Every structure is written in C-alpha cells, then in structure tokens.
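In: this is a predicted model, with the sequence first.
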Amino acid sequence: MKIIEQTQPARFDKAVVFCCDDNYLPFALFAARQIALLPGERDYDICIVSADMVDLPQSLQGLGLRVCRVDLDDMFEGQSLNGHFTEASYIRLGLPMAIGDAYRRILYLDSDVFVEGGDLSALMEIDMGAHCVAAVRDIWQWFTPGRPAAEFDTAGLSQASYFNSGVLVIDSAAYQLQNILDQCLETGRRLNGKLLLVDQSLLNIALHKKWAELPPKWNWQLSMKRPFFEQIEGPNIIHFISWAKPWNGDAKGGLPPRYRKAYARFLKAYFPHIQVEEPTRNRLREPLSLLIILLRHVATRRKLLRYLDRFAHDLDVKT
C-alpha cells in the first residue's frame, strides 16, 4: 500500500488519521473538524486516507487537512468483503506501510467518533514498551474482564484481553518490524467468513497478548443500555459502537440528543443533502424504560468503577 495522490505533504512526524470512503467522509470530517478546532498549537497532521481521492467542501479546506489516496492493488484479495466490511475497513491495517515513512506515530480513529477533548499530541507520545499498538478494551470486557472472545477460539488461541480497534495509537516502525499487516492478511485468508468483526478480529489475533492498554476515556464505547456512565468518566473520545448513529436515526431512542443536534448542525452547513431524522422515541421520557436503565446502572456500577480505577490518569498506559 502506498500514497499515489495527496493534497499536501506531511508537516509533522505524527498524525491523526481517518480511513474512509465517500459514504463515511461526512462523519470523518465532523470529527476531524472537532480536532482541528481544539485549543492550543497543533503539532500533528490530520489526515483522511482513502482508496479514492475524496473531495472536501470548500468551506472545510481551511482546516488544513491532508487527504491521501492510496493504492490498494490486490492487497485485500481473499479477505471477507460485504456491504458492511469494505476495503475501506481494511485500510487501517496498512497505514504504517502507506504513511509510516512520514509519521513515526499514528492515532487512527474510526469515523463514528465524537471528540470531546484531551491531549491528542501527548497520547501519541505514550510509552508503549515493546508494543506497536495501544488501544482500549472492548466494552464487553469492561464489566467482565475475563469474558472470552470467540475470535481467539476460532484462531486456536488462548483467551486474553480483547481491544476495540476504533481508536489505535500505532508506532509505525515497530508495527512494520513485527510484520503485523502480513499476519492479518494471512489470518484473513485462512479464516475467511469465520470472523465476526473482520478487521478488528484480525488485529486482535495478530496482536494476541502483545498490545498496550489505554484508559477507556480514549475510546468510550457508548452503551445504549447504560448511557449515564459517560458522566462518571468524562471521556475524551466517544465512539458510537451500536447500530444507532446520530446521523442515521435512533428508532429505540437511546442516544443522548446532544449528539444528534451537533451532527444535524454540521451536516446542514456542509452536507445539506444528508438529513438527520428526529427520533420517534425517547426512552428517558418513558417511566418504565428509565427505571430499567437506572437499575442497570446500579447493578453494574461497582464492576465499572473497578475497571476505571485501574487507570490513575489519562495517559496511564498498561504495558
């Protein structure tokens, strides 16, 4: 994988990177704009990486985003591809090869994130020890750390911690040295059709017991069942992991309205052809639903706090 077209050269030696196609470009740009408008001097690039050269709205070009088109060739031949997992889903696996010559550290972000703040520059400078990737556990291991991952059984591996790949800090040189991409591609061909989350599964298998753990506030996976826990931690990056996204409807009324309103304002200004639908339901207005939600919070509060208390501060990385 290599860059074949770009809007500008790299300015810094680290970057926040989104990988997307035209379908997810508006939502990647929402988060990219949030990052660009964070206070203080920025010592990292913000990049959009795609297999096609995407066009930015004229009104967003002043943010200084770097857009890179990469040549995938037949790299992902033999991998699971369908309507949900496209080639754009796999690009993150090859980022250190495509842009690692320019960036020694990469902060990869999924396009469905909401950036509240945090020192992203400091996050990209963390000590990961011998590891090439740092990430946050998947949410189902927050409450039950020993919960098994089906992917490890499928790959014939012992059970271990399992991360969500929506936020990744990557050491480019170490990633290439450890040959992570080739491991992912080989596993993908061998287990084609047998893995649940494909790209995330491949990374977890390749990095089995070999990744650094970040505090959850860097990838706060918003739970529809427990929406109030967000207030306990004050996360830096919120990740919409469920089927409900702020821009595509919320039939069960579980997303806090502030997210939908923020996306509605952004899309109206820059992508007016995308309409944000008003939800037909708000569970927090329904007494029984609210009671069930509150009981879930009470029942799992101690487990969550036990997990959160493992981390003393934002940059307390477990290696």
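Out: Done, it's in.
In: and the strands in the stretch 101-250 of the chain?
Out: 105-109, 113-115, 133-137, 163-171, 212-213, 220-221, 237-239 (DSSP state E, counting those that start in this stretch).
In: for those, give me CSV that also has mean pLDDT.
Out: What follows is these, written out as CSV (pLDDT from 0 to 100):
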stretch, mean pLDDT
strand 105-109, 98
strand 113-115, 97
strand 133-137, 98
strand 163-171, 97
strand 212-213, 98
strand 220-221, 95
strand 237-239, 96
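In: minimum distance to residue 48: which of the ones you listed has it?
Out: The closest of the strands of the stretch 101-250 of the chain to residue 48 is strand 105-109. By CB to CB, the value is 10.9 Å. For glycine as for every other residue, the C-beta is placed from the backbone atoms N, C-alpha and C.
In: okay, now the sheet partners of that closest one, with direction.
Out: Sheet pairing for strand 105-109, assigned by DSSP bridges, gives strand 14-19 (parallel), strand 163-171 (antiparallel).
In: as CSV, these with distance to residue 29 would be great.
Out: CSV is the format used below for the strands paired with strand 105-109 (distance: least, CB to CB, whole Å):
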stretch, distance to residue 29
strand 14-19, 8
strand 163-171, 17
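In: want to throw the ones you listed into JSON lines with distance to residue 235 and mean neighbour count?
Out: Output for those, formatted as JSON lines (distance: least, CB to CB, whole Å; neighbours: other CB atoms under 10 Å):
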{"stretch": "strand 14-19", "distance to residue 235": "17", "mean neighbour count": "25"}
{"stretch": "strand 163-171", "distance to residue 235": "11", "mean neighbour count": "24"}
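In: which residue, other than its chain neighbours, is closest to the residue nearest in space to the middle of the chain?
Out: In the chain, the centroid-proximal residue (CA atoms, centre = their mean) is residue 166; its distance is 2.0 Å. Distances taken as CB to CB, 6 or more residues apart in numbering place residue 110 nearest to residue 166, at 3.9 Å, with adjacent residues excluded.
In: go on, residue 127?
Out: residue 317 (6.7 Å).
In: roughly how far does that neighbour sit from residue 105?
Out: 13 Å (CB to CB, to the nearest Å).
In: what number of residues lie near residue 44?
Out: 22 (other CB atoms under 10 Å).
In: now swap in the one 4 residues further on and tell me
Out: Using other CB under 10 Å, residue 48 has 22 neighbouring residues.
In: list the contacts of it.
Out: 17-18, 20, 25, 28-29, 32, 54, 56, 65-68 (CB atoms under 8 Å, 6 or more residues apart in numbering).
In: looking at the strands of the stretch 101-250 of the chain, which is nearest to residue 177?
Out: Closest among those, using CB to CB: strand 163-171, at 9.1 Å.
In: got the CA positions of the closest one in CSV?
Out: What follows is strand 163-171, C-alpha atoms only, in CSV (Å, rounded to 0.1, in the frame of the first residue of the first chain):
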residue,chain,number,x,y,z
PHE,A,163,-9.5,-4.5,22.3
ASN,A,164,-11.8,-2.3,20.2
SER,A,165,-10.0,-1.1,17.1
GLY,A,166,-11.9,2.2,16.7
VAL,A,167,-9.0,4.1,18.4
LEU,A,168,-5.5,2.9,17.9
VAL,A,169,-2.1,4.5,18.8
ILE,A,170,0.4,3.0,16.3
ASP,A,171,4.2,3.0,16.4
